[in-house]
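S.K.: Requesting a structural model of the entry that follows:
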Amino acid sequence: MLLACQFLQNPEETQAVSEWIQWLVKEGADFESTSGVRASFSEMLLLMAIHFHANQLQAVVDLVCSTLAMKIPVRPNSLSRMRIMFTQEIFTEEVVTAHAVTVAVTSDLSADITGFLPVHCVYQLLKSRAFAKYQVQIKEWIYKQICASVAPIHSLLPGLVEVFVNTIIYPTRSGGKSLSNQPFTKAEILAVFKSSSVYLSSKSRDKELTKDLSLRGKPKLKDNTGSIDEPMETDDSESPVLDAVQKSSNEDLGLTPQLLTLYYILLYEDCLLSHKKAAGNVNKYSSYSTDLMTQVPIKYLLHSAQQNQKAYSGLYPSILRLLATHYPHLCLVENWLSEELVDSPAVVHRLVYPHSLPICSPQRLHKALLACREDSSTVLQLLARLSHLPAHRLMTYAEVIVDSLQFLLEPDVPRKVITMVMTLWRHLSTVMPRRLRVMTVNILEGKSQLSPYSEEDIILDPLIVLRCNTRVFRCCPILEVVIQMLTAFLAASRAFLSTHLLANSSTSSSKKQDLFNITPMCTDQEKEELKIALLAAQESTAVQILLEICLPFEGEQRDGGMLNAIREVQCLVCSQLHQIFISDPALVKLVHFQGYPSELLPVTVAGIPSIHICLDFIPELLSQPQIEKQAFAVELVSHICQHYALPKSLSVARLAINILLTHLTVLPGDERGKFFAPLLPSLVRIARAFPPLYDDITSFLVQLGQVCQASLATNQKSDGSTILSPKFRKTSTRSELDDDRELTRLTELTFVEILHQAVLNKDIF
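M.R.: This is a model prediction of the structure:
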């Protein structure tokens with residue numbers, strides 16, 4: 001009221017007003033307990049003092065109006081007397097920062113609590129860098145407040161985390177020193193997630209956590225040197241981490257502290273990478289270890305926040321943005337769509353009497369899976385019971401499910417058992433995708449190893465996923481999961497290489513290069529080009545392997561029917577390649593310039609809808625100096641013309657025929673048969689697709705037949721006599737003669753086939 005009505009305050013009563021306000025600060029706790037309101041009265045005065053120190057007079061006016069619940073015209077220039085009183089007599093800046101740390105955090109802080117809270121004061125002081133200026137560490141207070149928050153999340157908490165991270169990355173210069181707040185340690189972060197229902201901790205990990213907690217110390221303002229995981233020296237009784245661990249042993253901390261901690265980790269890593277050049281010496285800052293990130297249930301927290309977006313509306317978009325940048329393998333759209341199908345009650349397998357299903361344990365499930373070839377009814381009932389469980393309760397069955405994959409590859413295993421096991425695998429992937437993928441890759445690899453692959457190993461070489469038992473490539477439900485893992489690890493590899501380049505830019509190494517006079521290092525542009533080349537090599541190799549498994553293996557009997565394992569694998573691979581080609585059109589050009597067996601062209605052209613974009617680069621492929629690539633391009637054109645009879649296809653097909661005419665005049669006789677014989681069926685397909693090209697095709701076939709006949713005429717007859725005079729005689733090997741005879745016969749058959757399928761076919765016209 002004194003701020004709103006300045007005329008109530010006389011200059012002679014300034015001292016009395018100052019003493020009265022100081023009395024309000026001291027008696028604020030009694031007012032709070034008497035009124036029963038959770039908002040802090042003394043903290044409102046503290047917040048007002050913070051605004052005065054920052055010279056944010058309009059913010060003071062807004063605070064007064066919102067407190068009185070009325071719009072009062074208060075001129076900011078009329079607050080000069082009160083500003084001097086607050087900043088110089090009652091709340092000096094040093095007093096404000098020291099007092100803010102001692103204020104108790106708000107228990108069960110949520111969006112339902114209104115009014116002015118301690119978090120408002122701390123937020124403003126962090127923005128003004130007051131804590132760093134007076135060497136007051138605020139990390140423990142923020143940690144306590146995060147642990148004491150509940151849903152729906154308070155609107156200021158995400159902003160508090162952002163400002164806190166900025167004070168860590170961007171230090172405050174004072175007295176020639178670079179001072180900043182300390183980041184959370186590994187022990188503090190794990191203490192938050194230990195209460196999670198999906199946190200898998202072994203005894204050794206618990207001992208390590210306890211040891212880290214016992215070594216922690218009183219936080220001091222640091223010089224930005226040292227690692228995040230270094231223990232600090234403080235009394236255990238004053239440690240907020242121990243309080244959080246004790247609390248989590250009795251009750252669940254809830255999703256809100258875990259989501260806020262996850263947001264802190266992701267934002268810290270993002271700022272560290274994005275602003276290293278601006279932050280100065282990059283060696284002052286260190287990232288969190290990979291081991292820590294593997295223990296954080298990222299996918300489970302994201303899944304939970306997605307299902308409850310109303311409570312976490314201020315946090316979920318920011319977490320999703322950071323995850324899509326740094327962990328794209330956890331945000332694949334196709335995985336999210338499949339997860340929604342898995343979560344749908346209409347898709348979950350249910351028997352007629354779900355209440356009478358037998359009780360399942362990991363040991364019982366393991367025995368039932370081993371005996372499924374003799375009796376599948378028991379394992380089907382157990383799997384149906386598991387399909388009713390929430391995803392986090394399936395985690396105790398993860399090892400049994402993954403270990404059973406090798407046995408499911410055996411012949412005579414019921415298809416329904418395999419399908420239900422893989423459905424549970426997808427359900428598990430919603431809460432522990434990273435650990436589950438690594439376990440699956442190691443079990444399907446099947447070979448004895450000195451040590452199993454780690455996640456880092458697979459990210460560095462994603463093709464490890466495809467080094468599995470060949471029987472996987474004929475079991476479509478398991479192959480679908482393998483392809484899903486391959487897509488995820490390829491995305492993780494791209495993110496890892498981008499992060500690695502950003503963290504090891506040549507700018508930070510230029511000074512060392514000048515000092516030691518070593519060989520010049522690669523520039524950032526050269527490193528980026530090498531990264532692009534490496535990723536292209538990885539992805540094109542993966543595509544080539546997927547194409548290769550569409551062909552029958554050595555010794556495999558080929559079933560001519562439409563419903564067989566190879567046909568099912570081809571459909572699955574083509575669907576995946578379609579997604580890959582859409583996301584990276586440049587990869588289509590690279591794969592087709594590399595080439596693949598022409599037996600697969602009918603499969604790829606018919607099964608990959610996006611393959612029509614090959615028309616853009618086929619003219620370039622036809623101009624390559626290698627005749628093998630030109631032959632592949634002609635066959636590719638003919639199949640595309642069959643499925644996409646477009647004007648562009650017509651022009652490319654005419655170009656291909658002209659290329660064949662050119663080769664007819666320049667190719668030597670010993671290569672003519674090898675080149676033209678496989679391409680004659682392509683002319684039939686082109687003629688069927690484009691009747692206007694009949695004249696060009698028949699002209700080429702006539703010339704080809706004439707060349708072959710001329711070649712035969714210039715050689716000796718079977719009885720030893722010659723057709724031409726000796727000066728026109730040509731010496732040819734028997735293989736050349738056989739090639740010419742066979743090519744002549746194939747040319748005649750091609751004429752007949754064109755007549756039957758194109759010229760005399762009424763359906764075309």
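
S.K.: residues near the nearest residue in space to residue 609 that is not next to it in sequence, how many?
M.R.: Distances taken as C-beta to C-beta, 6 or more residues apart in numbering place residue 578 nearest to residue 609, at 5.8 Å, with adjacent residues excluded. Quick note: C-beta positions are derived from backbone N, CA and C, even for glycine. When neighbours are defined as other C-beta atoms under 10 Å, residue 578 has 16 of them.

S.K.: Need the pLDDT of residue 578.
M.R.: With respect to pLDDT, residue 578 scores 95.

S.K.: What are the neighbouring residues in contact with it?
M.R.: 607-610 (C-beta atoms under 8 Å, 6 or more residues apart in numbering).

S.K.: Mind doing that once more with 10 Å?
M.R.: 604, 607-611 (C-beta atoms under 10 Å, 6 or more residues apart in numbering).

S.K.: cool, residue 639 as well?
M.R.: 598, 601-606, 611, 614, 682, 685-686, 689.

S.K.: need those in a markdown table with secondary structure, distance to residue 50 and neighbour count, can you?
M.R.: What follows is those, written out as a markdown table (DSSP: H, G, I helix; E, B strand; the rest coil; distance: C-beta to C-beta, whole Å; neighbours: other C-beta atoms under 10 Å):
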| residue | secondary structure | distance to residue 50 | neighbour count |
| --- | --- | --- | --- |
| 598 | helix | 75 | 16 |
| 601 | helix | 71 | 18 |
| 602 | helix | 73 | 14 |
| 603 | helix | 69 | 19 |
| 604 | helix | 66 | 22 |
| 605 | helix | 68 | 22 |
| 606 | helix | 69 | 14 |
| 611 | helix | 63 | 23 |
| 614 | helix | 64 | 24 |
| 682 | helix | 79 | 25 |
| 685 | helix | 78 | 21 |
| 686 | helix | 79 | 29 |
| 689 | helix | 76 | 23 |
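
S.K.: got these as TSV, with distance to residue 332 and pLDDT columns?
M.R.: TSV is the format used below for the contacts of residue 639 (distance: C-beta to C-beta, whole Å; pLDDT from 0 to 100):
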residue	distance to residue 332	pLDDT
598	32	93
601	29	95
602	30	94
603	25	95
604	23	95
605	27	95
606	26	94
611	22	94
614	26	95
682	38	94
685	37	93
686	39	93
689	37	90
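
S.K.: quick one: which of these is nearest residue 385?
M.R.: When these are ranked by distance to residue 385 (C-beta to C-beta), residue 603 comes first, at 40.2 Å.

S.K.: Need the nearest residue in space to that closest one, chain neighbours excluded.
M.R.: residue 570 is the one closest to residue 603 (C-beta to C-beta, 6+ apart), at 5.2 Å.

S.K.: rewinding a little: quick check: the two most widely separated of the contacts of residue 639?
M.R.: The span of those, defined through C-beta to C-beta, is set by 603 and 686 at 19.3 Å.

S.K.: Return the helix or strand in this structure with minimum mean pLDDT.
M.R.: Of all helical and strand segments in the chain, the minimum by mean pLDDT, DSSP states H and E falls on helix 203-214, at a mean of 40.

S.K.: what are the ranges of the strands in the chain?
M.R.: Ranges of strands in the chain, per DSSP state E, are 172-174, 177-179.

S.K.: Any idea which of the ones you listed has the lowest pLDDT on average?
M.R.: Sorting these by mean pLDDT places strand 177-179 lowest, at a mean of 64.

S.K.: Any buried residues in the longest helix that the chain contains, and which?
M.R.: Longest helix in the chain, counting residues (DSSP state H): helix 476-503. Neighbour counts over helix 476-503 (16 or more other C-beta atoms under 10 Å) mark 476-498 as buried.

S.K.: same check, this time on stretch 650-663
M.R.: By 16+ other C-beta under 10 Å, the buried positions in stretch 650-663 come out as 650, 652-657, 659-660, 663.

S.K.: Out of those, which is nearest to residue 62?
M.R.: residue 652 (67.8 Å).

S.K.: Can you name the residues that contact the closest one?
M.R.: Residue 652 makes contacts with 614-616, 618-619, 622, 633, 636-637, 640-641, 646, 686, as judged by C-beta under 10 Å, 6+ apart.

S.K.: Repeat the analysis, applying 7 Å as the threshold.
M.R.: Residues counted as contacts of residue 652 (C-beta atoms under 7 Å, 6 or more residues apart in numbering) are 615, 618-619, 637.

S.K.: Max pairwise distance over the residues you listed: which two?
M.R.: Counting by C-beta to C-beta, the most remote pair of these is 619 and 637, 9.8 Å apart.
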